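Undergrad: one predicted model, sequence on top.
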Amino acid sequence: MTSNVPRIQPSILAADFANIQDEVARIRSADGVHVDVMDNHFVPNLTFGPQMVEAVQRVSTVPLDVHLMITDADRWAPGYAELGVFSVTFHAEATNDPVALARRIRAIGSRASLALKPGTAVEPYLDLLPEFDQVLVMTVEPGFGGQSFMAEMMPKLRTLRVAAERHGIELWLQVDGGIALDTIAVAAEAGADTFVAGSSVYGAADVDAAIAGLRAAAAHRH
Ligand SMILES: O=C(CO)[C@@H](O)[C@H](O)COP(=O)(O)O
Ligand SMILES: [Fe+2]
């Protein structure tokens, strides 16, 4: 995945599941593909498991950014790293030991990413940031695409950006939920550099134009 910012990662949650190979090919101009794994327990929705992630990995020309919305991440997340995906995101609310899990994911060879639900404070994690490659600040309640962007999450991004600079680390700051042309600049200005976009990309008539438009709107603020 390019380390050039801003990075745009369309979410295949908004794609046509009956046509997934073409849907993944359609976003080849993006910086990655975001794959939302949901288990009907951590969130009230059910999507894919490792078999589907492996299939997407086989046909994708862009790196896979796997977002695990599952309980018991300590048990299941390493298996996704073993598929060879670029990045594995697990939720802070779903692990007993985020540092140990991040170390396992990194040792297997994927980037380790920590996600925070809207109600989860960022402060307890600030001293641990060097253990992670990315932090995902959710800007909707996880579970569904097509929800409204929560601008009140922006202080978390600012806090994370300052803390990453204090640590002197290259931490990717990802936002997920309601990212569109009218919200991406706000998130970029608050410090995000990596943007998940489901409906605003897959719902567009011209997917390449949507990706380019998002990139331009976010770049404006960097
Ligand atoms: O993780 C999630 C939802 O829980 C996301 O990745 C959604 O897929 C984003 O969809 P949009 O809000 O961009 O439509
Ligand atoms: Fe997601």
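TA: Received, thanks. Ligands and ions are numbered 1, 2, ... in the order given.

Undergrad: for Gly168, see how far away whatever residue of the chain ends up closest to ligand 2 is.
TA: Nearest residue of the chain to ligand 2: His67, at 3.7 Å (Cβ to the ion). For glycine as for every other residue, the C-beta is placed from the backbone atoms N, C-alpha and C. Distance from His67 to Gly168, counting by Cβ to Cβ, to the nearest Å: 27 Å.

Undergrad: settle it for me: which of these two has more neighbours?
TA: Neighbours were counted for His67 and for Gly168 using other Cβ atoms under 10 Å; His67 has more, 27 against 7.

Undergrad: related to what we said a few turns ago, does ligand 1 have contacts with the helix or strand containing the residue of the chain closest to ligand 2?
TA: Using DSSP states H and E, His67 maps to strand 64-69. Yes. Strand 64-69 reaches ligand 1 (Cβ under 6 Å from any ligand atom) through His67, Met69.

Undergrad: helices or strands up against that strand?
TA: The contact analysis (3 or more Cβ pairs under 8 Å, 6 or more residues apart in numbering; DSSP states H and E) places strand 64-69 against strand 33-38, helix 50-59, helix 73-81, strand 87-91.

Undergrad: can you tell me which of those is most buried?
TA: A comparison of those by mean neighbour count, using mean count of other Cβ atoms under 10 Å, puts strand 87-91 on top with a mean of 29.

Undergrad: now do the same for Val37: its pLDDT.
TA: For Val37, the model assigns a pLDDT of 98.

Undergrad: brain fart, Leu126
TA: 98.

Undergrad: do the one 4 residues further on as well
TA: Pro130 carries a pLDDT value of 98.

Undergrad: show me what residue of the protein gets nearest to ligand 1.
TA: Minimum separation of the chain from ligand 1 (Cβ to the nearest ligand atom) falls at Gly198, amounting to 2.8 Å.

Undergrad: give me the pLDDT value at that residue.
TA: Per-residue pLDDT puts Gly198 at 98.

Undergrad: do the one 10 residues further on as well
TA: Confidence per residue is given as pLDDT, and for Asp208 that number is 98.

Undergrad: please tell me I have it right and it contacts Pro10.
TA: No. Here Asp208 does not reach Pro10: they are 10.9 Å apart, not a contact under Cβ atoms under 8 Å.

Undergrad: look at these two and report which has more neighbours.
TA: Remark: of Asp208 and Pro10, Pro10 carries more neighbours, 32 against 14, as counted by other Cβ under 10 Å.

Undergrad: great, nothing more from me.
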